[in-house]
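**Q** have a look; sequence and predicted model below, questions after that.
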2 protein chains.
Amino acid sequence: MSVQTIEWRDGAVVMLDQLRLPHEVVYQTYRDYRDVADAIRRMVIRGAPAIGIAAAMGIALGASQKEFGSYADLAKEVHVICEAMAKTRPTAVNLFWAIDRVKALLASLEGESVVTVQERLIQEGKTILEEDIAINRRIGEHGAQFVKDGDTILTHCNAGALATGGWGTATAVMRVAQEQGKKIHVLADETRPYLQGARLTVWELMQDNISVDLITDNMAGHFIKQGEVDLCIVGTDRTAANGDVANKIGTYMVALAAHANDVPFYVAAPTSSVDLSLASGDQIPIEERSAHEVIHIRDQGIAPANASARHAAFDVTPARYVTAIITENGVASPPYPFTLAPLVRKS
Amino acid sequence: MSVQTIEWRDGAVVMLDQLRLPHEVVYQTYRDYRDVADAIRRMVIRGAPAIGIAAAMGIALGASQKEFGSYADLAKEVHVICEAMAKTRPTAVNLFWAIDRVKALLASLEGESVVTVQERLIQEGKTILEEDIAINRRIGEHGAQFVKDGDTILTHCNAGALATGGWGTATAVMRVAQEQGKKIHVLADETRPYLQGARLTVWELMQDNISVDLITDNMAGHFIKQGEVDLCIVGTDRTAANGDVANKIGTYMVALAAHANDVPFYVAAPTSSVDLSLASGDQIPIEERSAHEVIHIRDQGIAPANASARHAAFDVTPARYVTAIITENGVASPPYPFTLAPLVRKS
């Protein structure tokens, strides 16, 4: 595994600063949970699974960074920390999944010593990281069947090792296909406004010697229509029970282009990102972010300084445009209301 | 008319340097046709109609910038200049339209004095500019019927005053609608990689106090799906006899999103941009440009320095996604093979 996104080391959380990629490779060490929450908010770390890991490790950090007189004191503080974490990135379902998992563990440890609880919370953060890597590896194995030798794969945003504990979700499919000896080529959408594709996906695929061409988001349709794309694979921040997929803004337009040209469109979705409580994508709240990020590219103004802008950070791709959803427990095909839930319940 | 793109002044061609917008408003004076050709190539001036005007004025400049002993010498030089102009932007049909028009004029003047021919070529450049402004005004009048009070219009790239002699094509529709007292709002795609939407469309609409929000290209589908867009209007570089539309990269994906959500998608097309010699868009050559422009945004690297990239500059939107084509001679509706040619032949 060539790219390490996050780890627990010497009582601290260490994260690769993704805001500085691809020009600088800098690991930051965090010793205060508030800084971890801030890093999640500022997108030092991003991608649904990675956010879940960061939140769990951030909670463990907060529970360990000072002394507590009793389980009750510690439990009270953990709930405060969980609230802070919950506010960082409201669209990422893994955030809430990780928080709930830590809370359940905490409840199960009632009566244990403070030190034991602290150790178990730290262990839980590490376990979530290890499990995530194993899950991604399995997503890759399930998805690689859809990749033929010589295929060109189009992807959007970064559903990569950098978005997870390792391997990535969409990129796990690429990595396993390459491991199987298939020659693949990737077209990576740059993914405005944050340019996760240009900055992160291209960088991490190059680390693994996977052939990749960067394109602007608006070129995806053209190359798909020209017959240059064999399949699309994207990740997801949140998928509803009916297979509607919330993912980075622009995913919907890629799906429309794939659909219009009979190119398969796959979603790599760890079951932790599937929210069976949502009947459809209409119920998924879409995070709105600052207009500044649209008017500027990395602090360089690209429009009149007093221009107005809109900034939708995510969109919802209707299930009818999704060829299959690849989870760690197997592949769901339409009709998703019947096929997705059983895979999620296996977890 | 608040925005002047190009004019003939004191024996020279004066152009607004669009590479420096929106941060600086700089007019450049050209006294050598080779510099005009270079300016077209470098996109100091861009947009199909404006390129046609610049080419015609550039030829007039070349024919006037030195002395000739005879009509034959001058004619020979004009053909050399025309060849240089033809190489600047091969996708822009107006370029060839303007060159052919100047060549026809030249042929009709055989036997006239050198000075007369020079004066007539200069006059032709000015006439093409004036005609273009009148044409755009008529496109606006024909198109404004599709805009209702309160509508939000999505546009891509800059089919604006800056792309023409004045008024613009897609923006003429907005300007006339506003003149008619309709309150409109515009969503302008930023239009990577050159950011013509962010730099030019937003700037020129702000000059005319038209309400505009900038969005990234990949947000268009989301806002269309959310019901926030009443109609789309774009320009075209070249439209085939069957109504297939070549326009700035990304136009195709906007059309797909409009089609999928039953939002009308209009193309503002001066008849000079309609090429009846092309049966379909498959015959339109797509200009490929430098990968550098995808890996960088205005010279700032956004991807690993050694990354590879693809750069398709245009795409073709199939006629089936085009609700109507608005020309200066009226509006063509499907089936375009029957409706478009009569409008073109009126010119």
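**A** Nice, thanks for sending it over. Being a predicted model, the structure only gives us computed values, none of them experimental.

**Q** tell me, how many residues neighbour the residue nearest to A:Asn247 when sequence neighbours are not counted?
**A** Leaving aside its sequence neighbours, A:Asn247 sits nearest to A:Thr236 (CB to CB, 6 or more residues apart in numbering or on different chains; 4.8 Å). Any C-beta I mention is one placed from the backbone N, CA and C, and that applies to glycine too. Residues near A:Thr236, counting by other CB atoms under 10 Å in any protein chain shown, number 26.

**Q** what does the one 3 residues further on give?
**A** One way to gauge burial is a neighbour count; for A:Thr239, by other CB under 10 Å, it gives 33.

**Q** can you tell me the helix or strand for it?
**A** Secondary structure assignment for A:Thr239, by DSSP states H and E: strand A:238-240.

**Q** what's the mean pLDDT across the helix or strand that that strand is followed by?
**A** Following strand A:238-240 in sequence order, the next helix or strand is strand A:245-248 (DSSP H and E). Computed over strand A:245-248, the mean pLDDT rounds to 95.

**Q** ok, now stretch A:113-122?
**A** 97.

**Q** got it, and stretch A:306-325?
**A** On average, stretch A:306-325 scores 97.

**Q** what is the end-to-end distance of it?
**A** The first residue of stretch A:306-325 is 42 Å away from its last residue (CA to CA, to the nearest Å).

**Q** starting at the chain centroid, how far to it?
**A** Mean-position distance between stretch A:306-325 and its chain equals 15 Å (CA atoms, centre = their mean, to the nearest Å).

**Q** from the chain's centre, how far out does stretch A:222-233 sit?
**A** 23 Å.

**Q** that stretch - what's its average pLDDT?
**A** On average, stretch A:222-233 scores 98.

**Q** alpha carbons of it, as CSV, please.
**A** Taking C-alpha atoms only, stretch A:222-233 is exported to CSV below (Å, rounded to 0.1, in the frame of the first residue of the first chain):
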residue,chain,number,x,y,z
HIS,A,222,-17.2,14.1,-24.9
PHE,A,223,-14.8,11.3,-24.2
ILE,A,224,-17.7,9.0,-23.2
LYS,A,225,-19.6,9.9,-26.4
GLN,A,226,-16.4,9.3,-28.5
GLY,A,227,-16.3,5.7,-27.3
GLU,A,228,-13.1,6.3,-25.3
VAL,A,229,-14.5,5.2,-22.0
ASP,A,230,-15.3,1.5,-21.2
LEU,A,231,-16.8,2.1,-17.7
CYS,A,232,-17.2,4.7,-15.1
ILE,A,233,-16.5,4.1,-11.4
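
**Q** buried set for the one helix or strand A:Ile139 maps to?
**A** For A:Ile139, the enclosing helix or strand under DSSP H and E is helix A:114-143. Buried residues in helix A:114-143, counted by 16 or more other CB atoms under 10 Å in any protein chain shown: A:114, A:117-118, A:120-122, A:124-125, A:128-129, A:131-133, A:135-143.

**Q** next secondary structure element downstream of that helix?
**A** Counting by DSSP H and E, what follows helix A:114-143 is strand A:152-155.

**Q** note down every partner strand of that following strand and its orientation.
**A** strand A:185-189 (parallel), strand A:231-234 (parallel) (DSSP bridges).

**Q** okay, the ones you listed in a markdown table with distance to B:Lys76 next?
**A** Formatted as a markdown table, the strands paired with strand A:152-155 follow (distance: least, CB to CB, whole Å):
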| stretch | distance to B:Lys76 |
| --- | --- |
| strand A:185-189 | 47 |
| strand A:231-234 | 54 |
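
**Q** need those strands in TSV (columns: mean neighbour count).
**A** What follows is those, written out as TSV (neighbours: other CB atoms under 10 Å in any protein chain shown):
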stretch	mean neighbour count
strand A:185-189	25
strand A:231-234	25
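
**Q** write out the residues of the stretch 101-250 of chain A neighbouring chain B.
**A** Residues of the stretch 101-250 of chain A that fall close to chain B, judged by CB under 8 Å from any CB of the partner chain: A:187, A:189-193, A:195, A:198-199, A:202-203, A:206, A:212-223, A:225, A:249-250.

**Q** and if we set it to 7 Å?
**A** A:190, A:192-193, A:195, A:198-199, A:202-203, A:206, A:212-222, A:225, A:249-250 (CB under 7 Å from any CB of the partner chain).

**Q** just the ones in strands from these, please.
**A** A:212-215 (DSSP state E).

**Q** now those as CSV including neighbour count and pLDDT?
**A** Output for those, formatted as CSV (neighbours: other CB atoms under 10 Å in any protein chain shown; pLDDT from 0 to 100):
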residue, neighbour count, pLDDT
A:Val212, 26, 98
A:Asp213, 21, 98
A:Leu214, 27, 98
A:Ile215, 25, 98
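
**Q** rewinding a little: among the residues of the stretch 101-250 of chain A next to chain B, which are in helices?
**A** A:202-203, A:206, A:220-222, A:225 (DSSP state H).

**Q** shouldn't A:His185 be in contact with A:Ser211?
**A** Yes. Contact status for A:His185 versus A:Ser211: in contact at 4.6 Å, counting by CB atoms under 7 Å.

**Q** how is chain A divided into domains?
**A** As assigned by automatic domain parsing, chain A contains the domains A:6-137, A:139-345.

**Q** report the separation between the two terminal residues of the last one.
**A** Translated: domain A:139-345. 16 Å.

**Q** now it, how far from the centre of its chain.
**A** 10 Å.

**Q** do the same with the shortest one
**A** On the basis of CA atoms, centre = their mean, domain A:6-137 is displaced by 15 Å from the centre of the chain it belongs to.

**Q** mind checking the SS state of the residue nearest to A:Ile6 when sequence neighbours are not counted?
**A** Distance criterion CB to CB, 6+ apart; nearest residue to A:Ile6, sequence neighbours excluded, is A:Met15 at 4.9 Å. Using DSSP: H, G, I helix; E, B strand; the rest coil, the structure places A:Met15 in strand.

**Q** how near is A:Met15 to B:Ile297?
**A** Remark: distance between A:Met15 and B:Ile297 (CB to CB, to the nearest Å) = 26 Å.

**Q** who are the packing partners of the helix or strand hosting A:Ile99?
**A** Element membership of A:Ile99 [criterion: DSSP H and E] is helix A:93-108. Packed against helix A:93-108 by the contact rule (3 or more CB pairs under 7 Å, 6 or more residues apart in numbering or on different chains; DSSP states H and E) you find helix A:48-64, helix A:71-86, helix A:114-143.

**Q** list the buried ones in stretch A:23-37?
**A** Buried-residue list, stretch A:23-37, by 16+ other CB under 10 Å: A:28, A:30, A:33, A:35-37.

**Q** filter these down to the ones in helices?
**A** Per DSSP H, the buried residues of stretch A:23-37 map to helices at A:33, A:35-37.

**Q** next, format those as JSON lines and append distance to chain B and pLDDT.
**A** As requested, those are exported to JSON lines (distance: CB to the nearest CB, whole Å; pLDDT from 0 to 100):
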{"residue": "A:Tyr33", "distance to chain B": "32", "pLDDT": "98"}
{"residue": "A:Asp35", "distance to chain B": "27", "pLDDT": "98"}
{"residue": "A:Val36", "distance to chain B": "27", "pLDDT": "98"}
{"residue": "A:Ala37", "distance to chain B": "27", "pLDDT": "98"}
